[in-house]
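My questions concern the predicted model and sequence given below.
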Amino acid sequence: MTLTKRKINMDVAFIGLGVMGYPMAGHLARAGHRVRVYNRTTTRATAWVGEFGGVACHSPEEAAAGCQFVMTCVGDDNDLRDVTTGDRGAFHGMEPGTVFIDHTTTSANIAIELSAVLAERGSTYLDAPVSGGQAGAENGRLTIMVGGDPETFERAEPVMNHYGKTVRRIGPVGFGQRAKMVNQICIAGIVQGLAEALYFARATGLDPATVIGAISQGAAQSWQMDNRWETMVAGEFEFGFAVDWMRKDLAIVLEEAQQCGLELPVTALVDRFYAEVQKMGGGRWDTSSLIARFKRPPVKSPVPAD
């Protein structure tokens, strides 16, 4: 006799329905979970319920009440503290045994701080920042870096799999955020390198399409190269994670590095370059806009062959 594993639908709260949280919560609803949502802009929550069903709540506390899992995806440390321990915050509505999963990119310090608060209340905390952008959230293909104890991760992993392609526990609470810092350090350096390479190619008479067609098959290949080189050359920067948010993330990285007595010279330099892009009015441009700092070079005539 073959036993079929029964699917278990749960009561889940999702707090924060921005460009990431909105589709992430939608995947939970599509999977059959009973989803309660909260968003500071109530029209956003109303629109989500109209599309996916579920319940729009008037506060994080109301959304969290009676749920087995509570997720957040908000702006920064202050936003997270407000929706958790603030007036009518989620922690006030959570029952002992609830798993709290934070998908915001924050400092490791606040993850450790809030984890301790929850432990006193008999609940557990996972810091689980994501990578993959809006497209990854919409397609359910996010990379999720998780900090927390193994037992809590094992409980929560099947839920996060609804919107995550890669869901991996990195270590204890705070390690998910530190892994996301590593991710942002890598992206900052790669995008700056790609911006300089494309600028150099045009200035020396090379056809960017021809060059990228060749080098993208070798060691220079990257996601940024595959997905952003054309729009960078065209000066189009409306395709992803905004400069304002990248600067927020890099500030977290540089503060963590300072606390650890570390120097990150390339990251600090690229952060200053992003500050220049902001001054150009590009705060809402995507991160590939680093190339906009360079004056468009005259196209050099190709060197004749021997």
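Sure thing, it's come through.

so what's residue 71 bridging to?
residue 14, residue 101 (DSSP bridges).

Quick check: it touching residue 13?
Yes. Judged on Cβ atoms under 8 Å, residue 71 makes contact with residue 13 at a distance of 6.8 Å. All C-beta atoms are positioned from the backbone trio N, CA, C, and that covers glycine.

What ranges does the chain have for its helices?
With helices called from DSSP state H, the chain shows them at 21-30, 42-52, 60-64, 77-85, 108-120, 133-139, 150-160, 175-203, 208-215, 223-234, 243-259, 265-279.

Of all those helices, which one comes closest to residue 93?
helix 60-64 (3.8 Å; Cβ to Cβ).

Mind checking the pLDDT average for the closest one?
Across helix 60-64, the average pLDDT comes to 98.

Which other helices and strands does that helix contact?
Helices and strands touching helix 60-64, by 3 or more Cβ pairs under 8 Å, 6 or more residues apart in numbering; DSSP states H and E, are strand 11-15, strand 34-38.

strands paired with the last one, and their directions?
Pointing back at strand 34-38 there. According to DSSP bridges, the neighbouring strands of strand 34-38, each with its direction, are strand 11-15 (parallel), strand 55-56 (parallel).

Redo the helices and strands packed on helix 60-64 as JSON lines? Include distance to residue 129 and mean pLDDT.
Below are the helices and strands packed on helix 60-64 laid out as JSON lines (distance: least, Cβ to Cβ, whole Å; pLDDT from 0 to 100):
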{"stretch": "strand 11-15", "distance to residue 129": "15", "mean pLDDT": "98"}
{"stretch": "strand 34-38", "distance to residue 129": "20", "mean pLDDT": "98"}
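
could you redo those as TSV and give each row mean neighbour count?
As requested, the helices and strands packed on helix 60-64 are arranged in TSV below (neighbours: other Cβ atoms under 10 Å):
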stretch	mean neighbour count
strand 11-15	27
strand 34-38	24
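
Now tabulate those strands in a markdown table and tack on distance to residue 65.
A markdown table is the format used below for those (distance: least, Cβ to Cβ, whole Å):
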| stretch | distance to residue 65 |
| --- | --- |
| strand 11-15 | 8 |
| strand 34-38 | 8 |
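
To residue 220, which of the ones you listed lies closest?
In terms of Cβ to Cβ, the element of those nearest to residue 220 is strand 11-15, at 39.0 Å.

re earlier: and of the helices and strands packed on helix 60-64, who's closest to residue 168?
Each of the helices and strands packed on helix 60-64 was checked against residue 168 via Cβ to Cβ, and the shortest separation belongs to strand 11-15, namely 21.0 Å.

Measure how far that closest one is from the centre of its chain, please.
How far strand 11-15 lies from its chain's middle: 18 Å, per Cα atoms, centre = their mean, to the nearest Å.

check contacts around residue 67.
Applying Cβ atoms under 8 Å, 6 or more residues apart in numbering, one finds that residue 67 lies in contact with 10, 11, 12, 13, 36, 94, 98.

sorry, back to before: most packed of the helices of the chain?
When you average the neighbours per residue for each of these (mean count of other Cβ atoms under 10 Å), helix 60-64 leads with a mean of 26.

Dump the C-alpha coordinates for it into PDB.
Extracted in PDB, the C-alpha atoms of helix 60-64 (Å, rounded to 0.1, in the frame of the first residue of the first chain):
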ATOM      1  CA  PRO A  60       1.000  43.600  12.200                       C
ATOM      2  CA  GLU A  61      -0.300  42.400  15.600                       C
ATOM      3  CA  GLU A  62      -3.700  41.500  14.100                       C
ATOM      4  CA  ALA A  63      -2.000  39.800  11.100                       C
ATOM      5  CA  ALA A  64       0.200  37.700  13.300                       C
END
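
what's the burial count for residue 284?
As a burial measure, residue 284 scores 13 neighbours (other Cβ atoms under 10 Å).

Surely it and residue 244 touch.
Yes. Checked against Cβ under 8 Å, the pair residue 284 and residue 244 is within contact range at 6.6 Å.
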